[in-house]
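Asks: I'd like to go over a predicted model; first the sequence, then the structure.
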Amino acid sequence: MEGIIGYGACIPRNRIKVEEIAKVWGADAPSYRKGLLVEEKSVPSPDQDTITMSVEATKNALKRAGINPKDIGAVYIGSESHPYAVKPSGTVLAEAIGATPEVHTSDFEFACKAGTEGMFVALGLVKAGLIKYGLAVGADTSQGAPGDALEYTAAAGAAAYIFGREKIVAEVLETYSYTTDTPDFWRREYQYYPQHGGRFTGDPAYFRHITGAAKGIMEKAGLKPSDLQYVIFHQPNGKFPFRVGEMLGFAKEQIEPGWLVNKLGNTYSGSSPLGLTATLDISKPGDLVLIVSYGSGAGSDAFILKVTERINEVRDLAPKTRELLGKKVKYLEYGTYAKFRHKIRKAE
Amino acid sequence: MREVAVVGVGMNKWGELWEKSLRQIFTEAALLALDDAGVDKIDSLYVGCMSSGLFVGQEHISSLLADYLGQAHVPAARVESACASGGLALRLGWIEVASGLSDIVLVGGVEKMTDVNGNEATYALGTAADQEYECFHGITFPGLYALIARAHMEKYGTTREQLAMVAVKNHANGSLNPLAQYPFKVSVEAVLGSVMVADPLRILDCSPITDGAAALVLCPVELAKKRKKPIVKIIGSGTATDTIALGSRREITWIESTYQAAKRAYAMAGKKPEDIDVVEVHDCFTIAEICVMEALGLVEKGKGGRAVEDGLTSLQGKIPINTSGGLKAKGHPVGATGVAQAIEIVKQLRDDAGPRQVKGARVGLTQNMGGSGGSSVVHIFERG
């Protein structure tokens, strides 16, 4: 039996409201609020990046797992905002938590699903018996071009998962991946901001892949939507997860515990993994949970988890996700936000 | 000149057809039209298409589409008159059959607009306006029609609600058309509360960006009579031009090209506005439908808004307009629009329009328009 033995989240304290962004661009804030179902998004501080957030989320995961970091055999970070184009993020994380040098490290990139990609591989290595514990983090300080629709949602956050065979918090019952060549969103080498295909990112991209993966895994597991207590879908905006849930036959109540996007924004590689940390925070032993990520380009990874008795022992060992979301929140004006996100730079 | 009949029509569902290419959507519609006509060989092809070059990077589509339809070597021509390309293609096909040059002519229209982003689509559409005198100064089509709307409101007291009622009516009709891109109803409140595009026009005043094709088959009436099916004749065809720059017109609320084209079509058909049972007009924006009603002589100048409010143009009204849902709900793949309008009228006159059928319709009219009225094409059809 393999599964999650520890999980942790990291959410920056800075926020910017949709109105503040709309004001600068002369856009209609109420229609963005209504259209995206997003009120505000997280913004990383100048000293926060994918690596520092990965470290923080991992420390929280280690508190819950209660293991010796030396026993972690693989460290993976999935992100589309690795601070370096060449030089791994994972090595810094592995060093920071004391997992080096006997550890396999790799950085993943697959738009918004790089986090679950790392989880998929870490779980696989544990299952194969090659390593004792495997760590996977989904983290991003995602970028939206100034004035682009993405700017209203592109946020920052990280979620970390440690997989193992003992002291399991949530057993992985089934996995499934659904992948095609669908170019809905991309950022080329040397480009600072991503480009996207507008409405093309909907039906042929997000909805096709998520429904494909969700149906595939439920069929494989012999389960139907009503058998599951909770479901987490990738959250590029507030509306998409509910719409895809409705398409698949899930009720709003099954989605809501992991639905953070209205106050958090889209944390890209951290999006569905953070939805899962929030859901585990409120899960009871025996609950069945489905998570389906989505990454442009395009693909979805799906996991069906069964929460164990151990959830009650570890839940309070680290900050809960919704506590982090509401803690010491600081609202930024657009100017400060622009500086923090390096949209404007001081003269040299 | 010979009398000309429409003997086949073909159209598939319009929308964001990301899984299909331009040649595929055209070929599907054309094959449906050929099947409906019961022919497998054509004498020539006209295809209306405004801007395949800017939308999908493909020109020379007359030959391309003839080839993909399995009709290589036939004469084929692409026709461009901005958003009136489809209507003008129909006119040229009609001339070819009427003149006796050809017997079986396929007239199609196609546009694949969603392969580019919104800015690129706006740019491509903007090329139908006067680049030097309009576009270079920053205006786009919603802006031009907003100027018309504002002027119409000032001059005639047309209200913001009346504009919204055009969209409400066309969506109500479109909800009965399974081929429409947006087959759902909207309310006046929804239109008034939708996103502002160019004051006073909001997003629900504007026709959408659409992928789609439409095709029909023309032949001499004598030949059509050999088939045991209802005959729909083209009894009037008129086209006219105007300045393509809105600012050069004497009166921006009056679409002179539509007036002139209609005058010619009415004269040829021997019909008057009151003889028309069902109409398809170019409602690229809600205000356009109001101006066009006036230019076609269906209502008095300045009374378009009031007529919509009074229900004159609804499906149950005296003169139903845009039973298909219009450009607003059915979609507006620019080059295909003029052909699809003719298809709707043919269906109506064949008594084949299902839940949106206008009872006893015998005479129908289509009005297709390029840009802000720089060109207009009007056709009048009659059940034979």
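Replies: Received it, and whenever you're ready, just let me know what you need.

Asks: can you map out the helices along the stretch 151-300 of chain A?
Replies: With DSSP state H, counting those that start in this stretch, the ranges of helices along the stretch 151-300 of chain A come out as A:208-221, A:239-248, A:252-255, A:261-264, A:271-282.

Asks: how's the chain carved up into domains?
Replies: Chain wasn't specified; assuming chain A. Residue ranges for the domains of chain A, per automatic domain parsing: A:3-168+A:313-340, A:170-307.

Asks: switch to chain B, please.
Replies: If you go by automatic domain parsing, chain B breaks into B:4-117+B:210-224, B:137-207+B:235-383.

Asks: kindly reformat those as JSON lines containing mean neighbour count and mean pLDDT.
Replies: (Each C-beta comes from the backbone N, C-alpha and C, glycine too.) Conversion of the domains of chain B to JSON lines gives the following (neighbours: other Cβ atoms under 10 Å in any protein chain shown; pLDDT from 0 to 100):
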{"stretch": "domain B:4-117+B:210-224", "mean neighbour count": "22", "mean pLDDT": "97"}
{"stretch": "domain B:137-207+B:235-383", "mean neighbour count": "22", "mean pLDDT": "97"}
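
Asks: any chance of those domains in CSV, plus distance to chain A?
Replies: As requested, those are exported to CSV (distance: least, Cβ to the nearest Cβ, whole Å):
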stretch, distance to chain A
domain B:4-117+B:210-224, 5
domain B:137-207+B:235-383, 5
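
Asks: so is the longest strand along chain A next to chain B?
Replies: Counting by DSSP state E, the longest strand found in chain A is strand A:170-182. No. Counting by Cβ under 8 Å from any Cβ of the partner chain, chain B is not contacted by strand A:170-182; separation bottoms out at 9.4 Å.

Asks: hmm, who's touching that strand?
Replies: A:1-4, A:120, A:123, A:163, A:204-205, A:208-209, A:212-213, A:216-217, A:220-221, A:280, A:283, A:288-289, A:296-308, A:311 (Cβ atoms under 8 Å, 6 or more residues apart in numbering or on different chains).

Asks: buried set for that strand?
Replies: Buried residues in strand A:170-182, defined by neighbour count with 16 or more other Cβ atoms under 10 Å in any protein chain shown: A:170, A:172-179, A:182.

Asks: OK, contacts around A:Gly270?
Replies: A:53, A:115, A:138-140, A:156-159.

Asks: next one: A:Phe108
Replies: For A:Phe108, the contacting residues are A:76-79, A:114-115, A:117-118, A:121, by Cβ under 8 Å, 6+ apart.

Asks: need these in CSV with neighbour count and distance to B:Lys263, can you?
Replies: Formatted as CSV, these follow (neighbours: other Cβ atoms under 10 Å in any protein chain shown; distance: Cβ to Cβ, whole Å):
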residue, neighbour count, distance to B:Lys263
A:Tyr76, 29, 74
A:Ile77, 36, 72
A:Gly78, 37, 67
A:Ser79, 30, 66
A:Ala114, 31, 65
A:Gly115, 36, 67
A:Glu117, 22, 67
A:Gly118, 32, 71
A:Val121, 19, 73
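
Asks: mind checking which of the residues you listed land in helices?
Replies: Counting by DSSP state H, the part of the contacts of A:Phe108 found in helices is A:114-115, A:117-118, A:121.

Asks: the closest residue to chain B within the stretch 151-300 of chain A: how many residues sit nearby?
Replies: As assessed by Cβ to the nearest Cβ, chain B sits closest to A:Pro204 within the stretch 151-300 of chain A, at 5.0 Å. Neighbour count for A:Pro204, taken as other Cβ atoms under 10 Å in any protein chain shown: 18.

Asks: give me the distance between the closest residue to A:Asp301 other than its chain neighbours and A:Tyr133.
Replies: Nearest residue to A:Asp301 in three dimensions, chain neighbours excluded: A:Thr116, at 4.0 Å (Cβ to Cβ, 6 or more residues apart in numbering or on different chains). Taken as Cβ to Cβ, to the nearest Å, the spacing of A:Thr116 relative to A:Tyr133 amounts to 18 Å.

Asks: of the two, who's got more company?
Replies: Neighbours were counted for A:Thr116 and for A:Tyr133 using other Cβ under 10 Å; A:Thr116 has more, 34 against 26.

Asks: am I right that that one is in contact with A:Leu123?
Replies: No. Here A:Thr116 does not reach A:Leu123: they are 10.0 Å apart, not a contact under Cβ atoms under 8 Å.

Asks: what about B:Tyr133, how many neighbours?
Replies: 15.

Asks: can you name the residues that contact it?
Replies: B:245, B:247-248.

Asks: pull the number of nearby residues for A:Ser31.
Replies: Quick note: A:Ser31 (other Cβ under 10 Å) scores 15 neighbours.

Asks: quick one: pLDDT of A:Gly98?
Replies: pLDDT recorded at A:Gly98 is 97.

Asks: show me where chain B has strands.
Replies: B:4-11, B:44-48, B:76-79, B:105-112, B:196-198, B:201-202, B:211-220, B:232-241, B:278-280, B:363-370, B:375-383.

Asks: mind putting those strands in TSV, distance to A:Arg188 included?
Replies: TSV is the format used below for those (distance: least, Cβ to Cβ, whole Å):
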stretch	distance to A:Arg188
strand B:4-11	39
strand B:44-48	36
strand B:76-79	34
strand B:105-112	25
strand B:196-198	31
strand B:201-202	36
strand B:211-220	26
strand B:232-241	45
strand B:278-280	45
strand B:363-370	38
strand B:375-383	41
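
Asks: does A:Gln48 touch A:Ile11 like I think?
Replies: No. If you go by Cβ under 8 Å, A:Gln48 and A:Ile11 don't touch, sitting 10.3 Å apart.

Asks: reformat the domains of chain A as a markdown table; add distance to B:Ile104.
Replies: Converted to a markdown table, the domains of chain A look like this (distance: least, Cβ to Cβ, whole Å):
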| stretch | distance to B:Ile104 |
| --- | --- |
| domain A:3-168+A:313-340 | 48 |
| domain A:170-307 | 38 |
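
Asks: B:Met50 is nearest to which of the ones you listed?
Replies: domain A:170-307 (20.4 Å; Cβ to Cβ).

Asks: so what's A:Pro88 up against?
Replies: A:82, A:105-107.

Asks: which SS class is A:Gly335?
Replies: For A:Gly335, the secondary-structure state derived from DSSP: H, G, I helix; E, B strand; the rest coil is helix.

Asks: distance check, it against chain B.
Replies: A:Gly335 is 26 Å from chain B, where distance means Cβ to the nearest Cβ, to the nearest Å.

Asks: please consider this matter closed, and thank you.
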